[in-house]
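[1] no sequence on hand, only this structure:
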(Lines give C-alpha, C1' and ligand atoms only; values in the text may rest on other atoms or scores of the structure.)
Protein backbone atom coordinates (compact mmCIF):
# COMPACT_ATOMS: atom_id res chain seq x y z
CA UNK A 1 0.00 0.00 0.00
CA UNK A 2 1.48 3.41 -0.99
CA UNK A 3 2.29 5.80 1.84
CA UNK A 4 2.87 9.54 2.07
CA UNK A 5 6.59 10.31 2.37
CA UNK A 6 8.10 12.56 5.06
CA UNK A 7 8.10 15.34 2.41
CA UNK A 8 4.33 14.83 1.90
CA UNK A 9 4.94 13.28 -1.52
CA UNK A 10 2.60 10.67 -2.95
CA UNK A 11 3.49 8.08 -5.59
CA UNK A 12 0.61 7.18 -7.89
CA UNK A 13 0.33 3.52 -8.90
CA UNK A 14 1.38 2.83 -12.51
CA UNK A 15 -2.01 1.34 -13.46
CA UNK A 16 -3.82 4.47 -12.27
CA UNK A 17 -1.41 6.68 -14.24
CA UNK A 18 -2.02 4.62 -17.37
CA UNK A 19 -5.80 4.91 -16.96
CA UNK A 20 -5.55 8.68 -16.43
CA UNK A 21 -3.01 9.17 -19.22
CA UNK A 22 -0.47 10.65 -16.80
CA UNK A 23 3.17 10.47 -17.87
CA UNK A 24 6.37 11.56 -16.07
CA UNK A 25 6.73 15.35 -16.36
CA UNK A 26 3.00 16.02 -16.89
CA UNK A 27 1.47 18.92 -14.98
CA UNK A 28 -1.62 18.47 -12.84
CA UNK A 29 -4.03 20.26 -10.51
CA UNK A 30 -5.29 18.81 -7.25
CA UNK A 31 -8.32 19.73 -5.19
CA UNK A 32 -9.63 18.70 -1.77
CA UNK A 33 -13.39 18.64 -1.17
CA UNK A 34 -15.19 19.17 2.15
CA UNK A 35 -15.04 15.44 2.91
CA UNK A 36 -11.25 15.36 2.55
CA UNK A 37 -11.26 13.55 -0.80
CA UNK A 38 -8.39 14.53 -3.10
CA UNK A 39 -8.98 14.82 -6.84
CA UNK A 40 -6.03 14.92 -9.24
CA UNK A 41 -6.60 16.28 -12.74
CA UNK A 42 -4.04 16.16 -15.53
CA UNK A 43 -3.55 19.58 -17.12
CA UNK A 44 -4.18 19.62 -20.85
CA UNK A 45 -2.66 22.41 -22.97
CA UNK A 46 -5.41 24.51 -24.54
CA UNK A 47 -8.17 23.11 -22.31
CA UNK A 48 -9.33 26.64 -21.37
CA UNK A 49 -9.16 27.99 -24.94
CA UNK A 50 -12.20 30.14 -25.64
CA UNK A 51 -13.46 30.13 -22.06
CA UNK A 52 -13.79 33.93 -22.06
CA UNK A 53 -15.26 34.09 -25.57
CA UNK A 54 -18.17 36.52 -25.63
CA UNK A 55 -17.11 38.29 -22.43
CA UNK A 56 -17.57 42.03 -22.79
CA UNK A 57 -14.79 44.33 -21.69
CA UNK A 58 -15.47 47.62 -19.90
CA UNK A 59 -12.67 49.80 -21.21
CA UNK A 60 -13.46 52.41 -18.55
CA UNK A 61 -12.11 50.11 -15.83
CA UNK A 62 -8.33 49.86 -15.67
CA UNK A 63 -6.54 46.57 -15.10
CA UNK A 64 -5.32 47.85 -11.72
CA UNK A 65 -8.83 48.91 -10.64
CA UNK A 66 -10.15 45.49 -11.64
CA UNK A 67 -7.41 43.74 -9.65
CA UNK A 68 -8.03 45.90 -6.56
CA UNK A 69 -11.77 45.27 -6.83
CA UNK A 70 -11.27 41.50 -6.89
CA UNK A 71 -8.87 41.66 -3.92
CA UNK A 72 -11.39 43.68 -1.88
CA UNK A 73 -14.06 40.98 -2.18
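    The structure has been received and is ready for your questions. All of these numbers come straight from a predicted model, not from anything done at the bench.
[2] dihedrals phi and psi, the residue nearest to the spatial centre of the chain?
    Nearest to the mean C-alpha position of the chain, counting by CA atoms, centre = their mean, stands residue 29 at 3.4 Å. When read as degrees, to the nearest 10, the backbone of residue 29 gives phi -120, psi 150.
[3] who's in contact with the spatially closest residue to it that is not a sequence neighbour?
    The spatial neighbour of residue 29 that comes closest, neighbours along the chain excluded (CB to CB, 6 or more residues apart in numbering), is residue 41 at 5.0 Å. C-beta here means a position set from N, CA and C on the backbone, and glycine is covered the same way. Contact analysis of residue 41 by CB atoms under 8 Å, 6 or more residues apart in numbering lists 28-31.
[4] give me phi/psi at residue 41?
    According to degrees, to the nearest 10, residue 41 has phi -130, psi 130.
[5] and it, what's its pLDDT?
    pLDDT recorded at residue 41 is 91.
[6] hang on, residue 4 packs against residue 10?
    Yes - Residue 4 lies in contact with residue 10 (CB atoms under 8 Å); the separation is 5.8 Å.
[7] which element is residue 18 on?
    helix 14-20 (DSSP states H and E).
[8] for that helix, the averaged confidence score.
    93.
[9] distance check, the residue of the chain positioned farthest from its centre against residue 66.
    Going by CA atoms, centre = their mean, the residue of the chain most distant from its centre is residue 60, 31.1 Å out. As defined by CB to CB, to the nearest Å, residue 60 lies at a distance of 11 Å from residue 66.
[10] where's the lowest-mean-pLDDT helix or strand in the chain relative to the chain centroid, distance-wise?
    The least trusted helix or strand in the chain, going by mean pLDDT, DSSP states H and E, turns out to be helix 63-72, with a mean of 82. Relative to its chain's centre, helix 63-72 lies at 22 Å (CA atoms, centre = their mean, to the nearest Å).
[11] and stretch 59-70, by the same measure?
    On the basis of CA atoms, centre = their mean, stretch 59-70 sits 24 Å off its chain's mean C-alpha point.
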